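Peer 1: need a 3D model of the sequence below.
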Amino acid sequence: MFRKPVVWGLLLLLLIIGSLSYGVWRQAQAWLFEPVELTQVQHLTITPGSDMASIAQQLQDLGVTPNALALRYYSRYYGYDQRIKAGEYAFVGEVTALGVLTKLVTGDVRKYSITIPEGHTYGQFVHALMQHPAMQGKSEPLFSQWGKASGHSSPEGLLFPSTYVFTRSQLPREVVQQAWQRQQEVLADLWLERAPNLPYKSPYEALIMASIIEKETGLASEREAISGVFVRRLHKGMRLQTDPTVIYGIGAEFDGNLTRAHLRRKTAYNTYMIYGLPPTPIALPGRAAIAAALHPAQGKALYFVARGDGSHAFAETLSEHQANVRKYQLKK
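Peer 2: Residues are numbered from 1 along each chain as shown. Here you go, the predicted structure:
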């Protein structure tokens with residue numbers, strides 16, 4: 001039998017070990033489950049093949065977790081370390097170890113966005129995209145690669161102007177492909193609901209018209225009216241005579257001053273010289289402009305002129321139009 005001192009010694013030892021174990025367990029609980037308050041956004045980039053030891057240490061260095069070792073062993077015990085996804089992560093506000101691991105396992109990476117307004121050109125879309133910090137150092141999207149299936153010779157008008165969300169790991173080409181897919185869907189949906197007797201042979205011609213309406217319209221309420229003027233002119237075999245197409249044909253040379261010489265210059269986009277539509281869109285039209293191209297307003301107006309306040313004065317006859325030009329353009 002054990003002597004009493006030995007028994008008491010063993011009991012004391014067990015008590016000490018139990019107390020220490022409980023203390024360690026409590027401390028681990030605090031490290032793992034008590035929230036850390038981050039007042040500033042902390043960023044972590046995990047590259048493919050990164051091990052949990054280095055990830056946990058980086059998180060500790062950033063102040064996201066108070067103890068790298070506790071996070072490391074916890075993630076290993078539950079198998080999180082084998083499921084972490086590479087990418088760029090952002091942490092702010094109250095965070096816990098479990099929340100951090102959930103973020104890393106689900107791949108809840110940092111998102112970026114870019115907004116392209118209606119009426120921007122394809123070149124402006126790509127320029128804005130390539131200037132985004134998340135796209136720095138990446139290859140510019142080539143139409144010859146992403147646009148092969150379009151069947152068109154130009155990328156103009158093929159992208160839908162909207163807000164696009166992406167991660168740092170994505171390529172510019174992927175964002176452009178999203179915009180192309182979206183434009184295809186919008187155009188296809190609206191084409192099915194188009195008005196009868198339109199002068200378009202294909203959805204692409206409707207897209208060309210929509211791009212012209214997008215550039216001509218200062219007021220959203222006038223889209224259908226302007227569409228009606230252009231559609232009636234096409235039906236009558238009249239030239240469209242719209243300045244935005246001329247400007248597009250001039251290209252980078254245009255300095256903001258449209259002259260009579262420009263209007264007499266022969267280009268494929270000078271609708272003062274050519275009949276019908278130009279060969280491609282001149283901008284990226286949004287859904288409303290496409291809808292207006294496919295649902296022109298009824299009426300007899302064949303002309304319009306800018307009033308100078310964003311609106312237009314419409315006219316049925318040339319003489320009435322010339323009077324509007326004198327009133328609003330020449331100020332006579």
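
Peer 1: what strand or helix carries the residue most central in space within the chain?
Peer 2: A centroid search over the chain (C-alpha atoms, centre = their mean) returns Tyr164, at 2.0 Å, as the residue closest to the centre. Using DSSP states H and E, Tyr164 falls within strand 163-166.

Peer 1: can you list the domains in this protein?
Peer 2: If you go by automatic domain parsing, the domain ranges for the chain are 33-110, 112-188, 197-328.

Peer 1: okay, those in JSON lines with mean pLDDT next?
Peer 2: Formatted as JSON lines, those follow (pLDDT from 0 to 100):
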{"stretch": "domain 33-110", "mean pLDDT": "87"}
{"stretch": "domain 112-188", "mean pLDDT": "94"}
{"stretch": "domain 197-328", "mean pLDDT": "93"}
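
Peer 1: going by residue numbers, what spans are strands in the chain?
Peer 2: The residue ranges that make up the strands of the chain, judged by DSSP state E, are 36-46, 87-95, 112-115, 163-166, 303-306, 312-315.

Peer 1: what comes up buried for the third one?
Peer 2: What that stands for is strand 112-115. Applying a neighbour-count criterion of 16 or more other C-beta atoms under 10 Å, one finds 112, 114 buried in strand 112-115. For the C-beta atoms, the positions are set from N, CA and C on the backbone; glycine is no exception.

Peer 1: returning to what we had before: residues in contact with the strand holding Tyr164: which ones?
Peer 2: Strand 163-166 is contacted from outside by 111-116, 134, 174-175, 178-179, using C-beta atoms under 8 Å, 6 or more residues apart in numbering.

Peer 1: at 6 Å instead, please
Peer 2: By C-beta atoms under 6 Å, 6 or more residues apart in numbering, the list of residues contacting strand 163-166 from outside reads 111-115, 175, 178.

Peer 1: ok, stretch 75-88 next?
Peer 2: Outside of stretch 75-88, the residues within contact range by C-beta under 6 Å, 6+ apart are 45-48, 52, 101, 104-105, 107, 109-110, 168-169.

Peer 1: mind listing what Leu158 touches?
Peer 2: When the contact criterion is C-beta under 6 Å, 6+ apart, the partners of Leu158 are 150, 180, 183.

Peer 1: once you drop chain neighbours, what's closest to Gly310?
Peer 2: Excluding the flanking residues, the one nearest Gly310 by C-beta to C-beta, 6 or more residues apart in numbering is Gly218, at 3.5 Å.

Peer 1: relative to Asp81, how far out is that neighbour?
Peer 2: In this view, Gly218 and Asp81 are 58 Å apart by C-beta to C-beta, to the nearest Å.

Peer 1: now the closest residue to Pro278 other than its chain neighbours: how far from Thr106?
Peer 2: Leaving aside its chain neighbours, Pro278 sits nearest to Tyr269 (4.4 Å; criterion: C-beta to C-beta, 6+ apart). From Tyr269 across to Thr106, the span is 49 Å (C-beta to C-beta).

Peer 1: and the helices in the stretch 151-300 of the chain?
Peer 2: For the stretch 151-300 of the chain, helices defined by DSSP state H, counting those that start in this stretch occupy the ranges 172-192, 203-216, 223-236, 243-250, 260-264, 287-294.

Peer 1: and the fifth one, what's buried?
Peer 2: For helix 260-264, a neighbour-count test (16+ other C-beta under 10 Å) marks His262 as buried.

Peer 1: now swap in the longest one and tell me
Peer 2: Within helix 172-192, the residues scored as buried using 16+ other C-beta under 10 Å are 172-173, 175-180, 182-183, 186-187, 190-191.

Peer 1: so which of those comes closest to Tyr204?
Peer 2: When the buried residues of helix 172-192 are compared for distance to Tyr204 (C-beta to C-beta), Leu187 comes out closest, at 8.3 Å.

Peer 1: residues in contact with the closest one?
Peer 2: By C-beta under 6 Å, 6+ apart, the contact set of Leu187 is 203, 207.

Peer 1: at 8 Å what do you get?
Peer 2: When contacts are counted by C-beta under 8 Å, 6+ apart, Leu187 touches 203, 206-207, 290.

Peer 1: ok, now Pro278?
Peer 2: Contacts for Pro278 were tallied using C-beta under 8 Å, 6+ apart; they are 208, 212, 245, 248-249, 268-269, 271.
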